[in-house]
Structure formats: C-alpha cells, structure tokens
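J.: Quick one: sequence and predicted model below, then my questions.
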Amino acid sequence: MPAVLQHKSTITVSWTGRLVTIRPCTPEDAPRVAALYDRLSPRALRLRYCSAVRISGEAEAARLCNSDPADRAVLLALSEGEVIGIGELGRMDEDCAEIALLVRDDCQGEGIGTALGHELVEVARELGYTRLQAYMLAENRGMRRIIAKLPFTRNWEGSWGELCVTVELESPATVG
C-alpha cells in the first residue's frame, strides 16, 4: 500500500454555507476522484491542464490516489461524501513544488479553491518547500485570484496566453 500524506484534516464552510472537509487523499478515494472527473466540464479541464486533451477520470484517480507523498502531495475537498475539489503539489526539485487546483464547476466561486490553496501552502511548508510554481492559462481568473491572495512575494511571467507564477514561501508580500 502506498504511503499517505500526513497532514491534519480541516473543516471549512464555503461562502454559500457548504460544509467542506479538506484532507489528504488516500488510495480508497479513487472512486470518488474518478466520479469528480465525470462531472467536470471541458472548460474546467482545459483550465486545469492548460490543454483540451481528454482526461480519463480513472487514470487521474490512480495517479493522484496512489502517489508517493515525497513526490506528489494531494488534498481533497469533500462535501456530503463527494470530492468537489483537488489540490496537488508536485515536486519540481528539493525546494520547489508545482501547485495545481481543481474545483467542480458547480462549486466554483465559493472559496473552496482558496481554502485548498492555503492548505497546500501549509503542506508545502511541512514538506520543506520554499517556493511554489503555478502554470495556468492567462484566462484562468480563478487561479490568478487564489495565487494573488497568498501572503507571499510572487513573480509573474507570461507569454502566448500562458502564465507561470513563482511564490516565495519564505518572503512575505510587502504592502505598498
């Protein structure tokens, strides 16, 4: 059996009053994760993967639910027993991880992605990362807002409709 990320579960309430538990993904979550992918719109998948490729829910569930926390840390947002969001950290090197978020279409705009993002920052710090990178389409306003809310220095780079942002976890953002 694969190792499971050791991180505390948290409970939050979305802006619409939805009770959401955020916790590490386990191998037993694979059917719930696959079910999430069956409910996602092509737009949500394109914004998450920066591409219009077809994504297999079963393949993604296997990848996410059986990953080694030393290389990939995965958090789930659950409500009423269903996965409604996924937050993922993928090791890039010793100090840096790529951050990615996905929230079910009918749950977007409720603060679930923001809550997942903040929990992923905590996980990243627990795992010793000092930087996070996020790759996104420039049109992905939700992800841009989530990253912009993080209280750390950010460096944005972009070209051809894509953005890459580096978040320095050891450097608080300055107000001014």
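T.: Alright, I've got the coordinates.
J.: Output the lengthiest helix in the chain as PDB, nothing but the C-alphas.
T.: Determined from DSSP state H, the single longest helix within the chain is helix 112-126. Output in PDB follows, covering the C-alpha atoms of helix 112-126 (Å, rounded to 0.1, in the frame of the first residue of the first chain):
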ATOM      1  CA  ILE A 112     -13.100  26.200  -1.900                       C
ATOM      2  CA  GLY A 113     -10.100  26.700  -4.200                       C
ATOM      3  CA  THR A 114      -8.800  29.400  -1.900                       C
ATOM      4  CA  ALA A 115      -9.100  27.100   1.100                       C
ATOM      5  CA  LEU A 116      -7.400  24.300  -0.800                       C
ATOM      6  CA  GLY A 117      -4.600  26.800  -1.800                       C
ATOM      7  CA  HIS A 118      -4.000  27.800   1.800                       C
ATOM      8  CA  GLU A 119      -3.900  24.200   3.000                       C
ATOM      9  CA  LEU A 120      -1.400  23.300   0.200                       C
ATOM     10  CA  VAL A 121       0.900  26.200   1.300                       C
ATOM     11  CA  GLU A 122       0.800  24.600   4.800                       C
ATOM     12  CA  VAL A 123       1.600  21.200   3.300                       C
ATOM     13  CA  ALA A 124       4.400  22.700   1.200                       C
ATOM     14  CA  ARG A 125       6.000  24.300   4.300                       C
ATOM     15  CA  GLU A 126       5.700  21.000   6.200                       C
END
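J.: angle of the helix or strand that that helix is followed by against helix 112-126?
T.: Where DSSP states H and E defines the elements, the next helix or strand beyond helix 112-126 is strand 131-137. Strand 131-137 runs at 150 degrees relative to helix 112-126, counting by axes from the mean of the first three to the mean of the last three C-alpha atoms, to 10 degrees.
J.: Quick one: residues in contact with strand 131-137.
T.: 46-47, 50, 89, 92, 95-100, 120-121, 124, 143-144, 147, 161-169 (C-beta atoms under 8 Å, 6 or more residues apart in numbering). Using the backbone N, CA and C atoms, a C-beta is placed for each residue, glycine as well.
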